[in-house]
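Visitor: Quick one, fold the following:
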Amino acid sequence: MDDYPLLNVFWTMMWFFLWIMWLFLLFKVISDIFRDHEMGGWGKAGWLIFCILLPYLGVLVYVIARGKGMSRRDAKQAKDAEARFQEYIRQTAGTQAAAGGPSASDELARLADLKTKGAISEEEFQQAKAKVLA
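Guide: Residues are numbered from 1 along each chain as shown. Below is the predicted model of the structure:
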């Protein structure tokens, strides 16, 4: 253990983690290049070649030149994902938020209550239930 002091272990670990962070940044830049719909094919090819041939310089220049757009695209993607998730929840829960009406489960509970009270027959209940679930 005398031939590799603790400070050298620290520096080795630091450089290793910096290298891993740089790899994450490289993949982030490459995914952003392909995600940008405003950039043309030749622009994407140029940035990709620049980032592959001169990786450290290419990533640094890309972040400086297009970093603001990169963050805007990230925010837009997160906002779109949240909107899709909320829409999925609305569809799954059966709510009719746009119409402002009751949910399917509320409507089924109301129909079951009407059937129990004798206000509607079994046949009417089944027809109304099929309509609500459609």
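
Visitor: Now Leu114. Nearest residue, chain neighbours left out?
Guide: Closest residue to Leu114 apart from its sequence neighbours, by Cβ to Cβ, 6 or more residues apart in numbering: Ile120 at 4.9 Å. The C-beta positions use only the backbone N, C-alpha and C, and glycine is treated the same way.

Visitor: Can you pull the phi/psi pair for the one you found?
Guide: Main-chain dihedrals, Ile120, degrees, to the nearest 10: phi -130, psi 150.

Visitor: cool, Gly40 as well?
Guide: phi -80, psi 170.

Visitor: residue boundaries of the strands in the protein?
Guide: Remark: strands of the chain are absent; assignment by DSSP state E.

Visitor: Which of the helices and strands in it ranks last by mean pLDDT?
Guide: Counting by mean pLDDT, DSSP states H and E, the chain has its least confident helix or strand at helix 104-117, which shows a mean of 84.
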